[in-house]
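Enquirer: need coordinates for the below:
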Amino acid sequence: MKILIVHNILWAHYKATVFSELNRLASAYDCEVHVLQIARSEQSRASFGKPDQLPDQYSYELLFDTYVEQVGTRAKLQALVRRMRAYQPDVLLITGYYDPAQVLLMAIARLSGIKVIIQTESTPVDLVRSPVKEWVKSRIISMATGFFCFGTPQADYLTQLGVSPDKILVRSNAVVDNTKLRQVYDRALPDRFLRQGELGLQPANFVYVGRLASEKNLTVLVDAFHQALQQATKPGGWGLILLGDGDQKATIQVQIERLNLQSFIKILPNQPWYRVPETLALADVLVLPSLSEPWGLVVNEAMACGMPVVVSERCGCARDLVQDGQNGYGFDPLQPTELVKALLKFIDGPADRRAMGIRSEQIIAEYDPRVVGQKMMEGFVKVGRGSLFQPSL
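Expert: Take a look at the predicted model:
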């Protein structure tokens, strides 16, 4: 059985780990897997420098050696259709239903007798919805044979759009490179106190990783941290690290100065994925306060490093990854007092950071590329052959 995967950009290490795992499993399932990478990278990653030099651990073609935003719909569709017809797959996987070229490719595939799986990360709350758009989506997804979902909220959204639950083949498709991240974190940990001193950090820290943008709700995070320090019975020794860059950086810097928090809050520059654990090793608890977030892979990253997490309920990952009181806390991002209370549980000490970190590792083990790759391969085979297949492992 031949499986063809369409993916947006080559520079996506976490997806590469999953594709490599599918490639490793393919022969045991009597399958072959090929990936069409539409473009090399995206413009939002331009500041990260050159793309990762990834080992070729899976079969792929790069269709356009440019940013994905610079590839027109017509050129993209023509290239995808040409390569699909040349490869003649039994099953096609596309990355969502937002790209007109991939939607048209799906229609052509179905007319050609090719079964289609859609990978989706959308939830009911990550964007403003309208009845017309929801109807259009329901018509588009009706063409698919199956679905791979980032998590439970994404699966629930599909059922709201009329998808039968038995077509949802994977409900844990949001993965990072757990093993590699933990290796980098463990190597960085012995130098924690030295690096903290060099950067002027506090001995214990909350950390945010991502773009400094309004939808990330960072001004509320800064204010909540300030209030937590004021209300804490033992406030000494805690700081906040913001790792990233974006159009809100100047606004946040002014806020930090206004609240006289320069000694407690530090903004550090962007890092590529493989260096993020070096900063996580300087901190103790990840905070993701977003107003809108389809998933939030940085939560996976922190949990893979054995960290507790404080996550907005508007993040797609919160329902699956955050077990309140066990590995962290969830909160309503429109209720800042809830965030203050969550931060205080760590500052004042009732939260057991070590036990929570262990629980994070246990939860995120189900989102390892090897586990998810196995589930995906079983989904491909179920769709392509109409039944489960016992691999010759």
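Enquirer: Glu42: what's it in contact with?
Expert: Asn8, Ile9, Trp11, Tyr67, Val68, Glu69 (Cβ atoms under 8 Å, 6 or more residues apart in numbering). The C-beta positions use only the backbone N, C-alpha and C, and glycine is treated the same way.
Enquirer: where does the stretch 1-150 of the chain have low pLDDT?
Expert: Low-confidence segments of the stretch 1-150 of the chain (pLDDT under 70): 45-56, 125-129.
Enquirer: mind jotting down where the strands sit in it?
Expert: Counting by DSSP state E, counting those that start in this stretch, the stretch 1-150 of the chain has strands at residues 2-9, 32-41, 60-67, 91-94, 115-120, 146-149.
Enquirer: can I get these in TSV including mean neighbour count?
Expert: Below are the strands of the stretch 1-150 of the chain laid out as TSV (neighbours: other Cβ atoms under 10 Å):
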stretch	mean neighbour count
strand 2-9	22
strand 32-41	21
strand 60-67	16
strand 91-94	26
strand 115-120	23
strand 146-149	24
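Enquirer: turn these into CSV, including distance to Lys234.
Expert: CSV is the format used below for those (distance: least, Cβ to Cβ, whole Å):
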stretch, distance to Lys234
strand 2-9, 46
strand 32-41, 46
strand 60-67, 49
strand 91-94, 52
strand 115-120, 45
strand 146-149, 43
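Enquirer: and of those, who's closest to Pro272?
Expert: strand 32-41 (11.9 Å; Cβ to Cβ).
Enquirer: the closest one vs strand 60-67, what angle?
Expert: Angle, strand 32-41 to strand 60-67, by axes from the mean of the first three to the mean of the last three Cα atoms, to 10 degrees: 10 degrees.
Enquirer: between strand 2-9 and strand 32-41, find me the angle.
Expert: 10 degrees.
Enquirer: and the contacts of strand 32-41?
Expert: With Cβ under 8 Å, 6+ apart as the criterion, strand 32-41 contacts 1-11, 19, 22-23, 26, 51, 58-68, 70-71, 76, 79-80, 83-84, 87, 89.
Enquirer: go on, stretch 96-109?
Expert: Counting by Cβ under 8 Å, 6+ apart, residues outside stretch 96-109 touching it are 6, 8, 73-74, 76-77, 80-81, 84, 92, 94-95, 115-116, 118-122, 137, 140-141, 143-144.
Enquirer: go on, stretch 348-363?
Expert: Here stretch 348-363 has contacts from 232-234, 284-285, 302-304, 306-309, 321, 323, 326-329, 345-346, using Cβ under 8 Å, 6+ apart.
Enquirer: where does the stretch 251-393 of the chain have low pLDDT?
Expert: Checking the stretch 251-393 of the chain against pLDDT under 70 turns up 387-393.
Enquirer: the host helix or strand of Ile267 pairs with which strands?
Expert: Here Ile267, judged by DSSP states H and E, is contained in strand 265-268. Counting by DSSP bridges, the strands paired with strand 265-268 are strand 238-243 (parallel).
Enquirer: all helices for the stretch 201-350 of the chain, in order.
Expert: 218-231, 249-258, 276-280, 297-304, 318-321, 336-347 (DSSP state H, counting those that start in this stretch).
Enquirer: name the nearest residue to the residue in the chain sticking out farthest from the centre, ignoring sequence neighbours.
Expert: Note on the chain: the largest C-alpha distance from the chain mean falls to Thr233, namely 35.6 Å (Cα atoms, centre = their mean). Spatially, and ignoring its direct neighbours in sequence, Thr233 is nearest to Asp348 (5.5 Å; Cβ to Cβ, 6 or more residues apart in numbering).
Enquirer: what about the one you found, how many neighbours?
Expert: Using other Cβ atoms under 10 Å, Asp348 is surrounded by 15 other residues.
Enquirer: before we move on, what about Gln262?
Expert: 11.
Enquirer: what about the residue farthest from the centre of the chain, distance to Tyr329?
Expert: 18 Å (Cβ to Cβ, to the nearest Å).
Enquirer: break the protein down into its domains, please.
Expert: Per the record, the chain has its domains at 2-175+368-385, 178-366, by automatic domain parsing.
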